[in-house]
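J.: Have a look; sequence and predicted model below, questions after that.
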Amino acid sequence: MHLKSATLDDTAPSRMDTGAPLSMGERAAALPVAAVLFGALDVAGVRYGIIQDLASLPAALAGRDDIDLLVDKQDYQLFCSIMAELNGVRGVSLSCYDNVCAGREDWFVPDFSRGAYLHLDLHVGIRVGWEFRKRYLALDYPAIARWERTSSDGVSVPLVSVEDEIRLSLARFAFRLWRLPWQQWVTIGGNWKEQLSRLESASGGNAPHRVEFKLGRDAVSCRVRPSGRGLLVHGGDLAGLRRAIRRRAGFSTVSGMADAAVHLVRKTSYLALRVLGRLMPGAVPPKRRPSSGGLVVALVAPDGLGKSTQVDLLTRRFRWKFGCARAYVGTGEGSGWWFRKGLQQLVFPRRREFKAVIARGGEESTPRGGAKRKVLALGLALWGVLIAVERYVVVKRACRWATRGLIVISDRWPQMVRQGYLDGPMIPSNLPSFPGLATLIRLEQRLYRNMEACRPHLILHLVSDFSVSEKRKPGAIRKEGFEARMALMTELRNRDKDIRAVDASASAEAVNRELFRQIWLSL
């Protein structure tokens, strides 16, 4: 493709010529890994460039937007090796998703110093077509006439020139815009002020510019002119460009009917899956997931060390681009069955009284006292079974979601090494005997054994001393209980060397960055 240079103001300074860094204003600074990434690509000699407008580049380098990256097909393997060195992760999208097409991939590069990641929309060839039917190769890296070097917050990148940016946009919108038979001009929306300021008409006024394309043996020109609402393009020229792109890709003009049918089927499937995912979370694969599959991460710690806070932060961070959900297996303020939570509200104020009656035996000399003790013991055993069943359902659901590609971050995780601590079995061993007690104990133990078989892919222990817990959440736990839980966590780590400990005495931001690093390296 070729853009007629006579329609451009070649005397105006380009973005490459000025060499001045972009003004960031109040926007977030670029992630340090961005400079490392593009520096490594330059050193390795990878032929690449960014194909997006200048205004969105600062947010993209800060990890708040996508980076559209075009790479020469011959340098793709070299690009992948650099991604591996930077712990990059490739994403997989739903097969009916609009961005699923040959020559396009999602890549994610972590920045452990910030606890964030860049999202790269990698293209080894720009394909255009209907929204859910992009099968026509419009251009590749050698087809870009000119790259302009620019700098954003100290990160130097090659950016597509304004001329090629307009050519690319016209090729994309040739399949997106439709017009009525009597409508001569159609509008491409968006802020084209900067681009149009560079395209001064040789004839002056509002005379159309001519953007020319060279597509194999076809030479196509599109007339464009500025508009207050965006960019006006001649509809007949867009139709000719659309036919030329199809012919260059080896398709006939009648393939447009097949495109419409396939587009309709895929879009309907996509919308149906999205609605089903809203109504039944985890029932369908997420729109985007790591290529290695889903992951179950469990955060374990005594009260006051920030488990719930970190689970919320990590869930929001990964949910930006991946399918991510949180789970809760405790009996505190987190989510849970409404029946169990309502019953807990009724019984919780008198729990110490009931436990004291069971412990001291009540009025054992009277039949009424012995019966009360057995009734309370039965209630405590049934309560333990109810909690075990609820935890079992949550654990199985978390594992099921992970098999569908979700990253599941769990607040707590059951263990059966010691009763009564860290979400372990809850039926005490010193309950008075009553008919059915042995059956309830066996049922609880079987549920916890089944949960133990569903091991998380990653278990992270938040460790610190009691002073940190008391400072952050005063009165949440006694020192004896805190020390008992820390000793149990040490025992669990001795039994399983894959469990990792994270110092929770640091600031919440520092702890979050370390947890992010541990989870990312497990993807």
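T.: Happy to help now that I have it.

J.: from here on, contacts and neighbour counts on C-alpha atoms
T.: Noted.

J.: So which residues of the stretch 401-523 of the chain form helices?
T.: 437-453, 466-472, 479-495, 508-520 (DSSP state H, counting those that start in this stretch).

J.: Which neighbouring elements make contact with the shortest one?
T.: With contacts defined as 3 or more C-alpha pairs under 8 Å, 6 or more residues apart in numbering; DSSP states H and E, helix 466-472 has these neighbours: helix 479-495.

J.: So for the helix it packs on, what gets flagged as buried?
T.: 482, 485-486, 488-490, 493 (16 or more other C-alpha atoms under 10 Å).

J.: what's the closest of these to residue 521?
T.: Of all these, the one with the least separation from residue 521 (C-alpha to C-alpha) is residue 493, at 19.3 Å.

J.: Quick check, that closest one in contact with residue 499.
T.: Yes: look at residue 493 against residue 499 with C-alpha atoms under 8 Å: they come within range, at 5.6 Å.

J.: Spell out which residues are contacts of both of these two.
T.: Shared contacts of residue 493 and residue 499 (C-alpha atoms under 8 Å, 6 or more residues apart in numbering): none.

J.: Rebuild the buried residues of helix 479-495 as CSV, extending it with pLDDT.
T.: Formatted as CSV, these follow (pLDDT from 0 to 100):
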residue, pLDDT
482, 93
485, 94
486, 95
488, 95
489, 95
490, 95
493, 95
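
J.: burial of residue 503, as a residue count?
T.: Residue 503: 16 surrounding residues under other C-alpha atoms under 10 Å.

J.: so how far is residue 50 from it?
T.: 40 Å (C-alpha to C-alpha, to the nearest Å).

J.: now swap in residue 424 and tell me
T.: Taken as C-alpha to C-alpha, the span from residue 424 to residue 50 is 52 Å.

J.: the more surrounded of these two?
T.: Per other C-alpha under 10 Å, whichever of residue 424 and residue 50 has more neighbours is residue 50, with 23 against 19.

J.: Could you list the alpha-carbon positions for stretch 53-70 in CSV?
T.: Provided in CSV are the C-alpha atoms of stretch 53-70 (Å, rounded to 0.1, in the frame of the first residue of the first chain):
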residue,chain,number,x,y,z
ASP,A,53,-2.5,6.7,18.3
LEU,A,54,-0.1,8.9,20.3
ALA,A,55,-2.7,9.9,22.9
SER,A,56,-3.2,6.4,24.3
LEU,A,57,0.5,5.5,24.4
PRO,A,58,1.3,6.9,27.9
ALA,A,59,-1.6,5.0,29.5
ALA,A,60,-0.5,1.8,27.7
LEU,A,61,3.1,2.1,28.9
ALA,A,62,1.7,2.6,32.5
GLY,A,63,-0.1,-0.7,32.3
ARG,A,64,-3.6,0.9,32.1
ASP,A,65,-4.3,0.2,28.4
ASP,A,66,-3.3,-2.2,25.6
ILE,A,67,-0.2,-1.8,23.5
ASP,A,68,-0.8,-2.7,19.9
LEU,A,69,2.5,-4.1,18.7
LEU,A,70,3.4,-5.1,15.1
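
J.: Tell me the buried residues in it?
T.: For stretch 53-70, by 16+ other C-alpha under 10 Å, it's 53-54, 57-70.

J.: What about these, which are in helices?
T.: 57-61 (DSSP state H).

J.: out of the helices of the stretch 401-523 of the chain, nearest to residue 247?
T.: helix 508-520 (44.2 Å).

J.: and that closest one, what's its mean pLDDT?
T.: Here helix 508-520 scores 96 as its mean pLDDT.

J.: Correct me if wrong: residue 174 contacts residue 234.
T.: No: Residue 174 lies out of contact with residue 234 (C-alpha under 8 Å); the separation is 10.5 Å.

J.: Looking at those two, which one has more neighbours?
T.: residue 174 (23 against 17).

J.: how much space between the more buried one and residue 238?
T.: 5 Å.

J.: Counting residues, which strand of the protein comes out longest?
T.: strand 218-227 (DSSP state E).

J.: and that strand, C-alpha only, in PDB?
T.: Output of strand 218-227 as PDB, limited to C-alpha atoms (Å, rounded to 0.1, in the frame of the first residue of the first chain):
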ATOM      1  CA  ASP A 218      -4.800  -3.300  -7.600                       C
ATOM      2  CA  ALA A 219      -4.300   0.400  -7.000                       C
ATOM      3  CA  VAL A 220      -7.000   1.900  -4.900                       C
ATOM      4  CA  SER A 221      -7.500   5.400  -3.700                       C
ATOM      5  CA  CYS A 222      -9.800   6.700  -0.900                       C
ATOM      6  CA  ARG A 223     -11.000  10.300  -0.700                       C
ATOM      7  CA  VAL A 224     -11.000  11.600   2.900                       C
ATOM      8  CA  ARG A 225     -11.700  15.000   4.300                       C
ATOM      9  CA  PRO A 226     -12.000  16.500   7.800                       C
ATOM     10  CA  SER A 227     -15.200  16.800   9.600                       C
END
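
J.: Give the other helices and strands that whichever helix or strand comes after it contacts.
T.: Counting by DSSP states H and E, the next helix or strand C-terminal to strand 218-227 is strand 230-234. Counting contacts by 3+ C-alpha pairs under 8 Å, 6+ apart, strand 230-234 packs against strand 185-188, strand 218-227.

J.: need these in CSV with distance to residue 282, mean neighbour count and mean pLDDT, can you?
T.: Shown next, in CSV, are these (distance: least, C-alpha to C-alpha, whole Å; neighbours: other C-alpha atoms under 10 Å; pLDDT from 0 to 100):
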stretch, distance to residue 282, mean neighbour count, mean pLDDT
strand 185-188, 37, 20, 82
strand 218-227, 45, 19, 81
